[in-house]
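Asker: have a look; sequence and predicted model below, questions after that.
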Amino acid sequence: MLNVDLFINGLIIGLFYALMAVGLTLVFGILKVVNFAHGEFYMVGAYTYTLAAFKLGFDPWLALPLALAAGAAAGWLTERALMRPLYAGYSSWGLMRDEYAVVVTFALSLLLINLVDKVVGPYPQRGPALLDIPRMALGPIMLSGQKLVATGVSLATIAGLALFLRYSFWGRQIRAVAQNRLGASLAGIDTTRASSLVFALSGALAALSGALLAPIINASPDVGAFPAIKSYVIVVLGGMGSMPGSIAASLALGVLESFGAVYISYDYRDTFGLAILMLVLIFRPQGLFGERGREV
Amino acid sequence: MNTLSRHWRLALAAAAGLSIAAHAADPIKIGISIAQSPPGSVVQGTQVKDGLEIIKDHVNKAGGVLGRTIELVYEDNQGVPEKGRAATEKLITRDKVVAVTGGHQSSVCLAEIEVAKRYNVPYVNTNCWSDDVRKKEYPQVFNPGNYNSRVGLAMAETIAAMGVKRVIAFVENTDYGIGQAKAVAEALKQKAPNVEYKYETLDRAGKDFTPAVLPLRADPPDMILTMLLPPAAYIVMNQLYEQGVAPSAKTWLYDGAGIADYPDFWQNVKEAGKYMLEFGLYHPQMKTPKLGLEVAKTYQQRTKNEPNRLIFQAADSLLLIVDAIKQAKGTDPNALIKALETMKFEGVRGEFRFSKEPGYKFHQWVDIPYVNFQLTEVNQPVSKSLLVQAPGIPLAVGKLQKPVK
């Protein structure tokens, strides 16, 4: 029974990781840079949801899309204000490109954390539950109504995103830009708009994750650090830029941490992912689902 | 020439007089190192600041000390030891503070006291519970706040009185958390040697503790102790409740970190806090000196929150420094240290002297009063909670309430 509990709990946590990690994967896929402020999009979602419900009196089900919109806006603004130099006339930067992305997103992360700390306050805030059942038995497992709803919404969102990327007009454009920015541009795709869309999507997904988890992992200024670190591990583990890889790696990491915490030691829970990451980097540097790149 | 030199002498004397007058009117600077931004406990830092500000205003309104006002110089240590070390260095060398106080996270205090020792500046520890802060026996360090051995003993006595047999503690992976877990283990050897006790360390920055909780579902202990600061403490409580582990008809939940009086407690735990037994250092039903009541009233007026232990501990920390300056008739560090060592202090929580016993009692208010109370309703303020043990009174086990299932 414990093993069933651990497995299901691992899958649920893995699903939450996935919601965060796919956004990061999309950004890496299209811009080939790591967004170090991704965790703060999560935090923006958690706070928007919580404050909209408590301060503005929104119903939690209305606060949820509001959080998603806030995350999308944050992502879109980040791309417009900070990311454009990466592909709009600064090609002469050459090697400085990566450093720019690291510095600017890291600075954004610190700015947002401290801004929220000063404006909203340091106190953790638990968001309202979408389904206010503190605990319920679902077969052999116990979980809260919020966890159940968050799991369902996460599953639906990830499935919807996969369909969007595969079949929609914009989804195909995003995939084209991810494959080859120059080639997509030559084929008439507006790569700048695709980048904006990806950043908005990434922000929206992270914010949705933050909002869904605000009643479980209380919102606080630095709440984004934990999911962001997991996401970085997952993105590399799954293969940089691979969405199926990110989802598989998220679920695997969730289950691994769940079992490892009980059968090895809880103290080392956060190191399991890093240990696997090192092994993958040594033996399969392109990640589990990544492909070796070749440039001519 | 004589006239000229007399004029010069007069001018110099006037200038010197003005300088002395200006010096006498300069505020006395006291350094405050607290967490004002993450990852430190900003909740605690804010409360410490609130308590300090109340006493600063009180002292300044009464004319200051030795005719000079008190000025508090703040540094944000972010709850990070190396930042605390740098903050203390800056306060002492750049701001020329006469003493440092405000410390509220043990790992940070342990770093800061090294600097205070090096510069021979009095350091009044507001809320760092780790015994190690005392065990170093630095003459500059004084501890009017709580300490792990005290909590360990108090919790062990409670465990013994309640007759529980199997206890599991969840503690944060810090000097405070691990130190307190060990202190409970030591105290249990004396007070309840038959109790089966083990502790699990949790990452204070962690967000999902379910894997640590799940194994307890099949085999719940009689009592779970929590010794973590928020937000981790809140998340653990919620996950214990979600999994039906504690509080339950089988398992007591007993918090040793004193989190029930934090302003954000109920907003974050809701049902998970009902029936929690709490070790506390302040309860409105405790006997409190007149000045303590004034501090409580001012705090409530300023923040609309119920006062808690940190407000009083911070108030006493600053009052101690002010009283030492009065007794020493100046700010010479050696005189201040001597005054702190020898004086009988009447603060907002009672009267005490610092112990000179070695080890964890060094420069400590040894008999710091504590209480045990139980939260019997959701959103219950501490003032309405069930006081099951007042200072110096045995635990009223019969009064304790447990959930039906």
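Answerer: Right, received. Where do you want to start? Numbers count the residues shown, from 1 in each chain, chains lettered A, B, ... in the order given.
Asker: list the contacts of A:A18.
Answerer: A:154, A:158, A:234, A:246-247, A:250-251 (C-beta atoms under 8 Å, 6 or more residues apart in numbering or on different chains). The C-beta positions use only the backbone N, C-alpha and C, and glycine is treated the same way.
Asker: which of those residues has the most neighbours?
Answerer: A:S246 (33 neighbours; other C-beta atoms under 10 Å in any protein chain shown).
Asker: touching, that one and A:V235? I think so.
Answerer: Yes: counting by C-beta atoms under 8 Å, A:S246 does reach A:V235; the two are 5.9 Å apart.
Asker: pick out the residue closest to the middle of the chain.
Answerer: Defaulting to chain A. Taking C-alpha atoms, centre = their mean, the centroid of chain A lies closest to A:M20, which sits 1.8 Å from it.
Asker: look at chain B instead
Answerer: B:N127 (2.3 Å).
Asker: what are the phi and psi values for the nearest residue to that residue once chain neighbours are set aside?
Answerer: Nearest residue to B:N127 in three dimensions, chain neighbours excluded: B:H104, at 3.9 Å (C-beta to C-beta, 6 or more residues apart in numbering or on different chains). Backbone torsions for B:H104, taken as degrees, to the nearest 10, come to phi -140, psi 10.
Asker: so how far is B:G45 from B:H104?
Answerer: Separation of B:H104 from B:G45 (C-beta to C-beta, to the nearest Å): 7 Å.
Asker: same question, A:K147
Answerer: 32 Å.
Asker: equivalent analysis for B:K344, please.
Answerer: 30 Å.
Asker: the residue in the stretch 1-150 of chain A that chain B sits nearest to: neighbour count?
Answerer: Going by C-beta to the nearest C-beta, chain B is nearest to A:P122 of the stretch 1-150 of chain A, at 3.0 Å. When counting by other C-beta under 10 Å, one arrives at 22 neighbours for A:P122.
Asker: got a pLDDT number for it?
Answerer: Looking at A:P122, its pLDDT reads 78.
Asker: over to B:G244?
Answerer: The predicted local confidence for B:G244 is 93.
Asker: wait, isn't it in contact with A:S144?
Answerer: No: in this structure, B:G244 is not within contact of A:S144 by C-beta under 8 Å, at 10.9 Å.
Asker: the two: which is more packed in?
Answerer: Per other C-beta under 10 Å, whichever of B:G244 and A:S144 has more neighbours is A:S144, with 22 against 19.
Asker: so for the lengthiest helix in chain A, what gets flagged as buried?
Answerer: Ordering each helix of chain A by length in residues (DSSP state H) puts helix A:2-31 first. Going by neighbour count (16 or more other C-beta atoms under 10 Å in any protein chain shown), the buried part of helix A:2-31 is A:5-6, A:8-31.
Asker: spell out which parts of chain B neighbour chain A.
Answerer: Within chain B, the positions near chain A by C-beta under 8 Å from any C-beta of the partner chain are B:37-39, B:42-43, B:45-46, B:173, B:200-203, B:205-208, B:210-212, B:214-215, B:217-218, B:230-231, B:234-235, B:238, B:241-244, B:263-264, B:267-272.
Asker: not counting sequence-adjacent ones, nearest residue to the residue of the stretch 1-150 of chain A closest to chain B?
Answerer: B:V42 is the one closest to A:P122 (C-beta to C-beta, 6+ apart), at 3.0 Å.
Asker: would you check that the one you found makes contact with B:A35?
Answerer: Yes: B:V42 is within contact range of B:A35, at 5.4 Å (criterion: C-beta under 8 Å).
Asker: so where does residue 71 fall, helix or strand?
Answerer: I went with chain A, as the question did not name one. helix A:60-78 (DSSP states H and E).
Asker: that's the wrong chain, I meant chain B
Answerer: Counting by DSSP H and E, B:E71 is part of strand B:70-76.
Asker: compare neighbour counts for B:H104 and B:G45 and give me the winner.
Answerer: Taking neighbours as other C-beta under 10 Å, B:H104 and B:G45 compare with B:H104 leading, 31 against 26.
Asker: could you list the domains of chain B?
Answerer: B:11-15+B:19-146+B:288-361, B:149-280+B:375-399 (automatic domain parsing).
Asker: export those domains as TSV, with columns for distance to A:A73.
Answerer: Listed next are the domains of chain B as TSV, based on distance: least, C-beta to C-beta, whole Å:
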stretch	distance to A:A73
domain B:11-15+B:19-146+B:288-361	24
domain B:149-280+B:375-399	25
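Asker: show me the helices in the chain, by range?
Answerer: Went with chain A since none was named. According to DSSP H, the helices that chain A contains are A:2-31, A:38-54, A:60-78, A:96-119, A:145-167, A:169-179, A:181-186, A:191-213, A:225-238, A:243-263, A:269-283.
Asker: chain B was what I was after
Answerer: B:2-25, B:42-61, B:81-93, B:106-119, B:131-135, B:148-162, B:175-191, B:210-218, B:232-242, B:265-269, B:290-303, B:309-328, B:333-342.
Asker: B:E137 against B:Y360, yeah?
Answerer: No: between B:E137 and B:Y360 there is no contact under C-beta under 8 Å: 9.8 Å.
Asker: which one's more surrounded, these two?
Answerer: For B:E137 versus B:Y360, neighbours defined as other C-beta under 10 Å are more numerous around B:Y360 (22 against 14).
Asker: what sits against the residue nearest to the more buried one when sequence neighbours are not counted?
Answerer: Once flanking residues are discounted, B:Y360 sits nearest to B:D131: 3.9 Å by C-beta to C-beta, 6+ apart. Shown in contact with B:D131 (C-beta under 8 Å, 6+ apart): B:147-149, B:179, B:183, B:359-360.
Asker: now that we have these, which one has the most neighbours?
Answerer: B:N148 (30 neighbours).
Asker: correct me, but that residue touches B:V133?
Answerer: No: with contact defined as C-beta under 8 Å, B:N148 does not count as touching B:V133 (9.5 Å).
Asker: any idea how far the residue nearest to B:A396 when sequence neighbours are not counted lies from chain A?
Answerer: Leaving out its chain neighbours, the residue that sits closest to B:A396 by C-beta to C-beta, 6+ apart is B:V388, at 4.9 Å. Relative to chain A, B:V388 is positioned 25 Å away (C-beta to the nearest C-beta, to the nearest Å).
Asker: so what pLDDT did A:V33 get?
Answerer: Note for A:V33: predicted pLDDT of 81.
Asker: what's the neighbour count on it?
Answerer: A:V33: 17 surrounding residues under other C-beta under 10 Å.
Asker: I'd say it and A:D98 touch.
Answerer: Yes: if you go by C-beta under 8 Å, A:V33 and A:D98 touch, sitting 6.5 Å apart.
Asker: tell me the contacts of B:A169?
Answerer: The contact partners of B:A169, taken as C-beta under 8 Å, 6+ apart, are B:181, B:184, B:197-200, B:224-227.
Asker: picking up where we left off before, quick check: neighbours shared by B:G244 and A:S144?
Answerer: Joint contacts of B:G244 and A:S144 (C-beta under 8 Å, 6+ apart) are A:R135.
Asker: for the helices of chain A, which one sits closest to B:P27?
Answerer: Minimum separation from B:P27 across the helices of chain A (C-beta to C-beta) falls at helix A:96-119, 26.1 Å.
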